[in-house]
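Engineer: structure of the sequence below:
(one chain, ligands or ions: 1)
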Amino acid sequence: MSNAFFDQVEALTEAGLLRRLSGAFARFIASVGDDGPQLMAACVLLSELEGRGHSCLMLSELNADPAALLGWSGDEWRELRASVGDWPADTAAWRALLAGCAQIWPAGSPDLNQPLVLDGERLYLRRYWQDETHVAGAVRGRALDRVMAADEEAATDDIRRWLDILFPHAPRGGGVDWQKVACAVAVRGKLGIITGGPGTGKTYTVARLLALLFATAGGRQDGLRVALAAPTGKAAARLKQSIDTALDELAVKVGSALPLRELAARMGAARTLHSLLGARPDTRAFQHHAGNQLDVDVLIVDEASMIHLEMMSALLAALPNKATLILLGDKDQLASVEAGAVLGDLCHKAEAGEYRAETLSYVHASTGQQIPEGFEGRGGPIAQQTVMLRESRRFGGPIGALALAVNAGDGASAVDVLREAQDNKVSWTDLAQSSDLLQLALAGRPGAEGGYRQYLQLIKNTPAEVDEIVQLAWVKSVLQAFESFRILCAVREGEWGVSGLNDAIEQRLQAAGLLKRTGEWYIGRPVMVTRNDYATGVFNGDIGLTLPDPARPGALRVYFSEGDNVRSVLATRLRNVETAFAMTVHKSQGSEFRHTAMVLPKDSGGMLARELIYTGITRARDYFTLLTPNGQVLLDAIAQRTQRASGLRNLLNT
Ligand SMILES: Nc1ncnc2c1ncn2[C@@H]1O[C@H](COP(=O)(O)OP(=O)(O)OP(=O)(O)O)[C@@H](O)[C@H]1O
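Structural biologist: Numbering: from 1, shown residues only. All right, here's what the predicted structure looks like:
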């Protein structure tokens with residue numbers, strides 16, 4: 001084993017540049033076979049990339065610019081590389097070297113269950129290779145499993161008749177009614193993917209798709225088992241609420257032709273994916289799997305961009321082949337925190353459509369819509385089952401323009417929108433000192449007043465009597481006020497990161513007499529759960545507010561809002577939580593706030609990308625404020641796209 005290499009790894013770990021896990025992983029690999037420093041270097045890099053969401057290491061990266069990939073300076077990388085000694089000259093040389101290592105299985109050769117897999121020019125941890133292969137096979141299989149073609153006249157006529165009832169108006173700007181197309185495409189098979197930015201009508205569409213599925217189920221309509229799910233509790237509750245409201249409205253429209261209310265009532269609550277699959281404490285395995293599948297006919301999953309590779313693999317294994325899977329999400333949002341960029345890979349062709357002739361004629365027969373030539377192509381099976389909604393009904397104005405500019409990689413236009421917006425919907429603050437940010441946290445800004453003062457003032461009006469209805473109404477109003485404003489950070493550490501800002505905001509609110517910090521727990525403390533806790537039923541990412549326990553004087557409870565419902569847990573029972581006046585953009589996915597303020601740091605080390613900025617902006621419903629001590633960080637981030645190494649796109653042949 002190379003001492004020089006591991007000395008270097010130790011130094012980089014001490015400097016906080018490497019995870020301790022990466023060195024330990026390389027040592028483990030060395031302990032079960034070859035221990036050449038080249039293999040060790042590849043293992044350290046593979047492990048670091050896994051921590052950054054990549055599912056594999058592209059061998060070409062080893063000779064390209066790994067420092068950029070890791071956010072290191074060139075010197076740090078050069079020193080690590082020098083400690084290895086001979087560095088294979090190119091990808092072919094790396095492949096030859098790795099293929100000869102006892103711990104690596106070159107895919108296609110006799111399998112000895114080695115811990116690493118070399119597939120073409122990608123090096124994998126075996127688990128991720130298995131997940132990618134499984135997801136690709138399962139999704140392709142579903143996409144190809146179509147039950148309807150254009151010439152099945154009776155069926156397409158029926159679909160068309162219902163779609164005309166469910167979507168009675170042509171799209172506002174004319175052109176293709178992509179919402180109708182999305183329903184028609186999804187109803188013909190076992191997979192439907194609907195992607196689009198905020199407010200493009202994904203939920204509106206899926207509610208109608210459900211009605212269409214009920215309507216065309218014939219005699220099986222009463223027994224159609226529908227499940228709703230999302231990666232987080234909050235997103236699940238939002239999905240359920242939107243679908244219920246939409247189905248309620250639709251029920252009036254369709255009248256006695258379809259007993260929508262009764263059918264909807266049998267759907268049950270929306271659940272987190274963890275709870276749907278039956279997560280168990282202390283194990284990654286779920287109760288539902290290939291050998292004990294879910295009892296559903298239709299599964300609708302919202303916020304699919306947050307689903308990581310391992311979860312998608314588990315979900316597909318647990319879903320019976322005969323069930324229809326509908327995925328909803330915004331392909332341009334940040335990918336999951338854990339490895340994989342599954343929705344992005346699935347929606348690779350969504351922008352261009354690439355619909356084949358048979359899809360075009362089916363769409364025409366079942367919707368009357370003529371998809372324009374520009375969207376024709378020879379996309380694979382998944383592209384045929386994917387529809388992108390393109391018109392946002394919520395995001396006009398400067399926030400919409402800003403999101404569009406960021407998505408297009410047009411930094412100059414984004415800055416123009418931020419600097420010049422006339423109506424206070426968006427605003428840019430050059431952060432010279434923390435007091436600017438703290439004032440915003442306290443009271444908002446001119447034209448977008450609010451801040452945290454609002455909910456803290458409401459807390460001061462605690463109901464005097466312990467009347468359950470009054471108490472619940474008060475809790476809901478406090479939660480709602482809290483949900484109307486949030487500070488999002490691009491990074492965790494440093495002056496402009498989550499940890500520093502939470503302390504500073506807490507002190508500022510205390511100085512303003514709005515809260516009294518007496519210990520770890522205090523009235524008004526917002527907290528975010530950082531680990532799933534099955535005993536209390538709270539999950540990673542849930543956000544709650546600490547309020548007095550009406551039943552026990554002096555005790556505190558944390559209240560979590562879930563759609564129309566409120567759940568509470570005794571504060572002292574919550575183990576893994578952190579204060580959440582400021583939270584990361586990553587953790588804000590699936591949530592929306594009336595006023596969202598996003599803080600960018602002074603220096604990003606090249607690690608911020610467009611998807612993060614876009615996700616932050618699109619969390620804002622009415623007002624968006626950008627704060628940064630260095631405007632260049634915004635421009636650099638907009639110029640950079642997140643590229644996650646993954647073999648999924650290739651395997652899917654979308
Ligand atoms: N075809 C349509 N006709 C009328 N209203 C529509 C139509 N499509 C969407 N809407 C309305 O536009 C708004 C946004 O739609 P919806 O909430 O379904 O979007 P979304 O893509 O699910 O948003 P989010 O990203 O927040 O999940 C809703 O008020 C919805 O009722």
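Engineer: show me the chain divided up by domain.
Structural biologist: Here the domain parsing of the chain from the TED database is 3-120, 134-169+176-394, 398-514+581-639.
Engineer: interface residues of the stretch 1-150 of the chain facing the ligand?
Structural biologist: Residues of the stretch 1-150 of the chain found near the ligand (Cβ under 6 Å from any ligand atom): none. C-betas here are computed from N, CA, C, even on glycine.
Engineer: so where do the helices sit in the stretch 1-150 of the chain?
Structural biologist: Counting by DSSP state H, counting those that start in this stretch, the stretch 1-150 of the chain has helices at residues 3-14, 20-31, 37-51, 66-70, 74-84, 91-99, 126-144.
Engineer: just checking, what packs against the fifth one?
Structural biologist: In this case it means helix 74-84. When contacts are defined as 3 or more Cβ pairs under 8 Å, 6 or more residues apart in numbering; DSSP states H and E, helix 74-84 packs onto helix 3-14, helix 37-51, helix 66-70.
Engineer: and that helix, which residues are buried?
Structural biologist: By neighbour count on 16 or more other Cβ atoms under 10 Å, the buried set for helix 74-84 is 76-77, 80-81, 83-84.
Engineer: hang on, the earlier thing: between the helices and strands packed on helix 74-84, which one is nearest to residue 652?
Structural biologist: helix 37-51 (20.6 Å; Cβ to Cβ).
Engineer: now the closest one: how far from the chain's centre is it?
Structural biologist: 26 Å (Cα atoms, centre = their mean, to the nearest Å).
Engineer: what's the answer for stretch 646-654, then?
Structural biologist: That offset, for stretch 646-654, works out to 19 Å (Cα atoms, centre = their mean).
Engineer: what residues does that stretch touch?
Structural biologist: Residues from elsewhere that reach stretch 646-654 (Cβ atoms under 8 Å, 6 or more residues apart in numbering): 54-56, 119-120, 122, 124, 129, 132-133, 135-137, 139-140, 309, 340-342, 345-346, 348-349, 379-383, 386.
Engineer: ok, and the closest non-adjacent residue to residue 137?
Structural biologist: For residue 137, ignoring the flanking residues on the chain, the nearest one in space by Cβ to Cβ, 6 or more residues apart in numbering is residue 651 at 7.9 Å.
Engineer: brain fart, residue 167
Structural biologist: Counting by Cβ to Cβ, 6+ apart, the residue nearest residue 167 is residue 180, at 5.1 Å.
Engineer: ok, that neighbour - contacts?
Structural biologist: So residue 180 contacts 163, 167, 367, 369 (Cβ under 8 Å, 6+ apart).
Engineer: just to revisit the earlier point, from the contacts of stretch 646-654, which land in strands?
Structural biologist: Among the contacts of stretch 646-654, the residues falling in strands (DSSP state E) are 56, 119, 122, 124, 386.
Engineer: turn the residues you listed into a markdown table, including neighbour count.
Structural biologist: Output for those, formatted as a markdown table (neighbours: other Cβ atoms under 10 Å):
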| residue | neighbour count |
| --- | --- |
| 56 | 27 |
| 119 | 18 |
| 122 | 23 |
| 124 | 27 |
| 386 | 28 |
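Engineer: and which of those is nearest to the ligand?
Structural biologist: Nearest to the ligand among those is residue 386, at 15.1 Å by Cβ to the nearest ligand atom.
Engineer: I'd say that closest one and residue 347 touch.
Structural biologist: Yes: contact criterion Cβ atoms under 8 Å: residue 386 and residue 347 qualify, at 5.9 Å.
Engineer: and residue 527, its phi and psi?
Structural biologist: Phi and psi for residue 527, reported as degrees, to the nearest 10, are phi -130, psi 150.
Engineer: contacting residues around it?
Structural biologist: Contact analysis of residue 527 by Cβ under 8 Å, 6+ apart lists 543-546, 558, 574, 577-580.
Engineer: look up how far residue 538 lies from it.
Structural biologist: Distance, residue 527 to residue 538, by Cβ to Cβ, to the nearest Å: 10 Å.
Engineer: residue 274 too?
Structural biologist: 11 Å.
Engineer: shared neighbours, the two?
Structural biologist: residue 532.
Engineer: those two: which has the busier surroundings?
Structural biologist: Higher neighbour count among residue 274 and residue 538: residue 538, with 25 against 20, using other Cβ atoms under 10 Å.
Engineer: wait, the more buried one touches residue 562, no?
Structural biologist: No: contact criterion Cβ under 8 Å: residue 538 and residue 562 do not qualify, at 10.8 Å.
Engineer: ok, now which ones touch whatever residue of the stretch 251-400 of the chain ends up closest to the ligand?
Structural biologist: Residue nearest to the ligand within the stretch 251-400 of the chain (Cβ to the nearest ligand atom): residue 393, separated by 3.6 Å. By Cβ under 8 Å, 6+ apart, the contact set of residue 393 is 199-201.
Engineer: now, which of the buried residues of helix 74-84 sits nearest residue 284?
Structural biologist: residue 80 (31.2 Å).
Engineer: tell me the spacing between the closest one and residue 68.
Structural biologist: 14 Å.
Engineer: can you give me the strands in the stretch 501-650 of the chain?
Structural biologist: Per DSSP state E, counting those that start in this stretch, the stretch 501-650 of the chain carries strands over the ranges 526-529, 543-548, 556-562, 565-570, 577-579, 582-584, 593-599, 620-628.
Engineer: which one among the contacts of residue 393 gets closest to the ligand?
Structural biologist: The ligand lies nearest to residue 201 out of the contacts of residue 393, by Cβ to the nearest ligand atom, at 3.1 Å.
Engineer: that closest one reaches residue 179, doesn't it?
Structural biologist: Yes: using Cβ under 8 Å, residue 201 is in contact with residue 179, at 5.7 Å.
Engineer: between the two, which one's more packed in?
Structural biologist: Neighbour tally, residue 201 and residue 179, criterion other Cβ under 10 Å: the higher count belongs to residue 179, 26 against 21.
Engineer: phi, psi for residue 189 please.
Structural biologist: According to degrees, to the nearest 10, residue 189 has phi -150, psi -150.
Engineer: with the one 5 residues further on instead?
Structural biologist: As for residue 194, its main-chain torsions (degrees, to the nearest 10) stand at phi -120, psi 110.
Engineer: could you report the separation of it from residue 364?
Structural biologist: 19 Å.
Engineer: nearest residue to residue 145 in space, please, no chain neighbours.
Structural biologist: residue 190 (4.5 Å).
Engineer: meant to ask about residue 524, not that
Structural biologist: Using Cβ to Cβ, 6+ apart and skipping the chain neighbours, the partner closest in space to residue 524 is residue 515 (4.4 Å).
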